[in-house]
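In: Predicted model, plus sequence, below.
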Amino acid sequence: MDTARDKSTSYTYGPVPSRRLGLSLGVDIVPPKICTLDCVYCQVGRTTRKSAVREDFLDIEAVLAELGERLQTGLKADFITIGGSGEPTLHRRLGDLIDGVRRLTDIRVAVLTNGTLLFRSDVRADCAKADVVIPTLDAAEATVFEAVHRPTAGISIEKVVSGLEQFRREFQGEIWLEVFLVAGVNTEAGQIEQLKDLIRRIRPDKVHLNTAVRPAAEPDVRAVPAETLDAIARQIGENCEVIGAPPAAGQERPERRAESDILSVLRRRPCSVEDIVTGLAMDRDEVREHLTHLEDLGTIASERRGDTMYFRVR
Ligand code: SF4
């Protein structure tokens, strides 16, 4: 168990602007980067330890203590989002964590998961404690599933779909299914039709189309153009939407934040200047100053995707 984290590797990060969740205060309960999958589009980078074994990766009480301290500063968030640098359902005490969050706050809880362990009843019971569960389904065929996700042994598309169907039958909250599309890999019309059939069986409340806007684990992963995403959204149906832009800046700055806060966010995912300005409620010039300093130190690197420059920890 990792109980020796210091402030620079804290368990919570943000709030960061999320295209789905508004202002999202992230809680990270699995160290980078342990996951059941090794997705080609992963923003955290390649998986260093593939596993499907649930463990006590870190001390849940320490996570809750830190979260309690953060909440006491008066920060505002629309969601507390459990996810981060690996697959959160791999933590054996995910359910205890959600119970603990409920005791601290009435902010809604979301779980970001790849859905690969929902075939297990203990994982379904833990996830069912959340308000919103956001699983992923990007493929309808085994070959595409293997190519996109490079899963650990024992994880198959059949198991993922049947776990999602079972979870839908049991879960009273909302399921927002994410479909992550990679140009030239899983966008062909026949594949989308097959996906649509699976989505009908799973009956999510919403379907969100996402693509590789940010830098990915593999350099050749390309984003799907906006017009193709719109066409696929129409093909899938009325509860399907392309994920929109982050919310506009406007949150009052609750406390002075410094480079360590920026680094804490960038450790989890690459961000643009706007992401940091909005998420941390910081002044734009101040963010630019910190980013330049961190780049000069060699701590972070920048990478252009389309019209946007993203920053990530080296
Ligand atoms: S995108 Fe999610 S599921 Fe895929 S490798 Fe990264 S953390 Fe794991």
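Out: Yes, it's here.

In: Where does the prediction get shaky in the stretch 201-314 of the chain?
Out: 244-258, 281 (pLDDT under 70).

In: For it, which segments count as strands?
Out: 206-211, 240-242, 300-305, 308-313 (DSSP state E, counting those that start in this stretch).

In: Can you show me the CA trace of the first one as CSV?
Out: Included here for strand 206-211 are C-alpha records, laid out as CSV according to Å, rounded to 0.1, in the frame of the first residue of the first chain:
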residue,chain,number,x,y,z
LYS,A,206,-26.5,9.3,-22.3
VAL,A,207,-23.9,8.4,-24.9
HIS,A,208,-20.9,10.8,-25.2
LEU,A,209,-18.6,10.7,-28.3
ASN,A,210,-15.1,11.6,-27.6
THR,A,211,-11.9,11.7,-29.6
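
In: Tell me the gap between it and the middle of its chain.
Out: Relative to the centre of its chain, strand 206-211 is centred 13 Å away, using C-alpha atoms, centre = their mean, to the nearest Å.

In: now Ala43, what's its secondary structure?
Out: For residue 43 the amino acid is Gln, not Ala. coil (DSSP: H, G, I helix; E, B strand; the rest coil).

In: and it, how many neighbours?
Out: Neighbourhood size, Gln43 [other C-beta atoms under 10 Å]: 18. In short, each C-beta sits where N, CA and C put it, glycine included.

In: ditto for the one 5 residues further on
Out: Look at Thr48: counted by other C-beta under 10 Å, it has 13 neighbours.

In: so who does it touch?
Out: Pro32, Lys33, Ile34 (C-beta atoms under 8 Å, 6 or more residues apart in numbering).

In: would CSV of the residues you listed with secondary structure be doable?
Out: What follows is these, written out as CSV (three-state DSSP):
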residue, secondary structure
Pro32, coil
Lys33, coil
Ile34, strand
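
In: Please list which of these are also close to the ligand.
Out: Among the contacts of Thr48, no residue lies close to the ligand (C-beta under 6 Å from any ligand atom).

In: Just give me the closest of those residues to the ligand.
Out: Lys33 (6.8 Å; C-beta to the nearest ligand atom).

In: Could you pull out the helices in the stretch 101-250 of the chain for me?
Out: Secondary structure of the stretch 101-250 of the chain (DSSP state H, counting those that start in this stretch): helices at 121-127, 142-149, 157-170, 189-202, 226-236.

In: Point out the residues in the stretch 101-250 of the chain that sit beside the ligand.
Out: Asn114.

In: Pick the most deeply packed of the strands of the stretch 201-314 of the chain.
Out: strand 206-211 (a mean of 20; mean count of other C-beta atoms under 10 Å).

In: so what strands line up beside that strand?
Out: strand 174-181 (parallel), strand 240-242 (parallel) (DSSP bridges).

In: Just want the angle from it to helix 226-236.
Out: 150 degrees (axes from the mean of the first three to the mean of the last three C-alpha atoms, to 10 degrees).

In: what's around the closest residue to the ligand within the stretch 51-200 of the chain, how many residues?
Out: Per C-beta to the nearest ligand atom, the residue of the stretch 51-200 of the chain with the smallest distance to the ligand is Asn114, at 3.5 Å. Applying other C-beta under 10 Å, we find 27 residues neighbouring Asn114.
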